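*Asks:* Got a sequence here, can you model it:
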Amino acid sequence: QVQVVESGGGLVQAGGSLRLSCTPSRRTFMGWFRQAPGKEREFVAAISWSENTYYADSVKGRFTISRDNANLTVYLQMNSLKPEDTAVYYCAAPASYYRTSRYYDPNMYISWGQGTQVTVSS
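*Replies:* Prediction:
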């Protein structure tokens, strides 16, 4: 099973930027999800090994997912942050049964990072 380690996060004012990092133990499709208090975990972005990218409508044009294949690290650059982006962010690697067409489904992912808090103040 792939292990993933996250870093980044913190407190930022609305309109600011943050970058999250996630390093899996091997090359794989990777996703970012977030969970706000009292809400379900929701898809944010995902990237394939060939660097095809996928985004939730709520973050398109503001967030960018990328990867450095030399060190396996996946980044989530978050710009123009809004208070509604406040959540715990998780990176995840998919299970062997995942389908790329369901990149948005957290049930397709089996290896999760510990989560990192992102707080955007108004």
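
*Asks:* need the helix or strand of this protein with the lowest average pLDDT.
*Replies:* In the chain, no helix or strand scores lower on mean pLDDT, DSSP states H and E than strand 4-7, which sits at a mean of 92.

*Asks:* Spell out which strands sit alongside it in the sheet and which way each one runs.
*Replies:* strand 18-24 (antiparallel) (DSSP bridges).

*Asks:* Give me the contact list for the strand it pairs with.
*Replies:* The contact list for strand 18-24, computed with C-beta atoms under 8 Å, 6 or more residues apart in numbering, reads 2-10, 12, 30, 32, 71-78, 81, 89, 91, 93, 111, 113, 116, 118. (C-beta placed from N, C-alpha, C; glycine too.)

*Asks:* Name the helix or strand for the residue sitting nearest the centre point of the chain, please.
*Replies:* Most central in the chain under C-alpha atoms, centre = their mean is Trp32, positioned 2.0 Å from the mean C-alpha point. Take DSSP states H and E as the rule and Trp32 turns out to sit in strand 30-35.

*Asks:* Quick one: name whatever helix or strand follows that strand.
*Replies:* Downstream of strand 30-35, the next assigned helix or strand under DSSP H and E is strand 42-47.

*Asks:* Just the mean pLDDT for that following strand, thanks.
*Replies:* Mean pLDDT, strand 42-47: 97.

*Asks:* Going by neighbour count, which residues of the helix or strand just after it are buried?
*Replies:* Heading C-terminal from strand 42-47, the first helix or strand you meet, by DSSP H and E, is strand 53-55. For strand 53-55, burial by neighbour count (16 or more other C-beta atoms under 10 Å) applies to 54-55.

*Asks:* same deal with stretch 42-53?
*Replies:* For stretch 42-53, burial by neighbour count (16+ other C-beta under 10 Å) applies to 43-47.

*Asks:* How far does that stretch stretch from one end to the other?
*Replies:* Terminal residues of stretch 42-53 lie 16 Å apart, using C-alpha to C-alpha, to the nearest Å.
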